[in-house]
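Student: need coordinates for the below:
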Amino acid sequence: MTSSAAPPPAGPSGGAHPAATDKGLRSGALGLFSSTVIGLASTAPAYSLAATLGVIVAVAGLQSPVIIILAFLPMFLIAYGYKGLNQADPDCGTTFTWASRAFGPHTGWLGGWGIVAADIIVMANLAQIAGQYGFQLVGARGLAHNTLWTTVAGVVWIALMTWICYIGIEVSANLQKVLLTIEVVMLLVLAVAALVQVYSGSAPGTSTHITWSWFNPLQIRSLDAFTTGILTTVFIYWGWDSCVAVNEETADRSRTPGRAAVTSTVILLCVYLLVTTSAQSFAGAGSTGIGLANPHNASDVLSNLGSEVFGSGAGGQVLTKLLILMVLTSAAASTQTTILPTARTTLSMATFKALPAHFARIHPRFLTPTWSTVGMGLASIVFFVLLTRVSENLLADSIGSVGLMIAFYYGLTGFACVWYFRKVLRVGPRTLWTKGIMPGLGGVLLLYFFVNACVVYAAPDYGSTSWTLPFPPHWHLGGVFVTGIGGLALGGVLMLVYRVISPAFFRKEIIAVTAHERDREPN
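Tutor: As a prediction, the model looks like this:
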């Protein structure tokens, strides 16, 4: 039996009042520590490094550490936008709700779609990683390279994580604490062990001592390398906003989620910078052997690096197994924390009548979204199975396209913050910086990366696939560009269809554009 959350009462202008957004979720279930854990676990640090470090080094070379730092800047700036908007309107719809209030329902709907589409796409890759590493952990390397069995294992994995999210936010948070602890400890062990070997002289001949030139942005090869490297690296920071999406289940929901978001990005910078620098110092940036830029190792950098760092002895084999377990638990954690924010985005959209009412249903005992959680799991399974059946190259390009969607909805949130608070930016320097300059600059940076990446990704030789438009002028385009822009365009089509089916939200009858009414700083 489920119950449906009613839309919030109307505010003074006929729109929903920002403070009246209770949807029946379990309030006060998460503290600052749990929220920060969810933000960190959502980024899947180990999985993200395993899947993208090789790509980053191939693009940026020895300047990979400075790319890690530069990609942190827009994330940190946008995190302050999330913090300010959440303080004023702690709604689990996040970008959807805030952009709707700032710019109108159509922009808000597309912002919500950007979150949903990015999460469904990345779930396919997480499921594939979980399947492969699960078999590697038990020594079944043949099955780890078998598409059918990794697909089956990935589907089971998504179903299991969906069930955990379904039975309660507290269960999810407690599991995240365990998984994240394993992940961070093993990353630190790997980084320290690599550096000890480098500076003790026992590392391979490819090793090199850390130099300041690695942190010099002026030595990055080209502007395209800079942009591609940043957008690729943005992917490994992506996910910290999950701690804001569970704001309605957090104690002191107007303050704690924003603090957790900022804290998460800073911790991620420290972890990523340490692992990247130590890995590059140990293995080098070459394209052969154990070099981080070797294309044969690009999809699984940490596993190959771990076997070299820890050695083939009994202790080394145990640590290598733990490293594989770490990437597996990282994928598990991220799978779970990807379902959480997406289910709450669709819950909020349904509550405000931007999606069918079924998606607003809450379980009476678990106090979690029912249709939204199960629907996210099913959509991810269908997408994963379809893409693996069609082509693993297409699956790889779909993952590459996620960067475009991340830049889209993160950047939109930054601009929404500036516009939402435009009347109060003169209150004082702190307000001007944290609600105006910082999120606005973050939005501008992400807009630049989005546009430049579209140009780079559109090249037909970029990525694993290419497409020719079936209509004049029959452009030949890269698969990463087609998947990313096509995914966002699909959202526009679905929005127009639902506007015909249920026009109330799009007529501003549910959420009014309230930014212009805000004439004071929120408490």
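Student: could you pull out the helices for the stretch 51-200 of the chain?
Tutor: Along the stretch 51-200 of the chain, the stretches classed as helices by DSSP state H, counting those that start in this stretch are 64-88, 95-103, 105-137, 141-144, 147-166, 169-200.
Student: which secondary element of the protein has the worst mean pLDDT?
Tutor: Between all helices and strands in the chain, the lowest mean by mean pLDDT, DSSP states H and E belongs to strand 3-4, at a mean of 37.
Student: and the next helix or strand past that one?
Tutor: Using DSSP states H and E, the helix or strand that directly follows strand 3-4 along the chain is helix 32-43.
Student: can you map out the helices along the stretch 401-523 of the chain?
Tutor: Ranges of helices in the stretch 401-523 of the chain, per DSSP H, counting those that start in this stretch, are 402-420, 429-432, 438-457, 479-501.
Student: want to try CSV for the ones you listed, with mean pLDDT and distance to L322 as columns?
Tutor: (Each C-beta comes from the backbone N, C-alpha and C, glycine too.) Output for these, formatted as CSV (pLDDT from 0 to 100; distance: least, Cβ to Cβ, whole Å):
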stretch, mean pLDDT, distance to L322
helix 402-420, 94, 28
helix 429-432, 94, 45
helix 438-457, 92, 35
helix 479-501, 94, 34
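Student: among those helices, which is the most enclosed?
Tutor: Burial of the helices of the stretch 401-523 of the chain is given as mean neighbour count (mean count of other Cβ atoms under 10 Å); helix 402-420 ranks first at a mean of 26.
Student: chain center to it, what's the gap?
Tutor: Mean C-alpha position of helix 402-420 versus that of the full chain (Cα atoms, centre = their mean, to the nearest Å) differs by 13 Å.
Student: now swap in stretch 345-356 and tell me
Tutor: 21 Å.
Student: quick one on the thing from earlier: the helices of the stretch 51-200 of the chain: which one's closest to I339?
Tutor: Of all the helices of the stretch 51-200 of the chain, helix 147-166 sits nearest to I339, with 4.6 Å by Cβ to Cβ.
Student: hmm, back to that, quick one, which of the helices of the stretch 51-200 of the chain is nearest to V234?
Tutor: V234 lies closest to helix 64-88 among those, at 5.2 Å (Cβ to Cβ).
Student: what about that closest one, distance to the chain center?
Tutor: Here helix 64-88 is found 13 Å from its chain centre; the criterion is Cα atoms, centre = their mean.
Student: how far away is T150 from F103?
Tutor: According to Cβ to Cβ, to the nearest Å, T150 and F103 sit 42 Å apart.
Student: restricting to C-alpha, output stretch 311-326 in PDB.
Tutor: Presented in PDB, the C-alpha positions along stretch 311-326 are these (Å, rounded to 0.1, in the frame of the first residue of the first chain):
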ATOM      1  CA  GLY A 311      53.800  -7.200  -6.000                       C
ATOM      2  CA  SER A 312      53.100 -10.900  -6.500                       C
ATOM      3  CA  GLY A 313      53.800 -12.100  -2.900                       C
ATOM      4  CA  ALA A 314      51.100 -13.500  -0.600                       C
ATOM      5  CA  GLY A 315      50.600 -10.100   1.000                       C
ATOM      6  CA  GLY A 316      50.600  -8.300  -2.300                       C
ATOM      7  CA  GLN A 317      48.000 -10.700  -3.700                       C
ATOM      8  CA  VAL A 318      45.800 -10.000  -0.700                       C
ATOM      9  CA  LEU A 319      46.100  -6.200  -1.100                       C
ATOM     10  CA  THR A 320      45.400  -6.500  -4.900                       C
ATOM     11  CA  LYS A 321      42.200  -8.500  -4.100                       C
ATOM     12  CA  LEU A 322      41.300  -5.700  -1.600                       C
ATOM     13  CA  LEU A 323      41.900  -3.200  -4.300                       C
ATOM     14  CA  ILE A 324      39.500  -5.000  -6.700                       C
ATOM     15  CA  LEU A 325      37.000  -5.200  -3.800                       C
ATOM     16  CA  MET A 326      37.400  -1.500  -3.300                       C
END
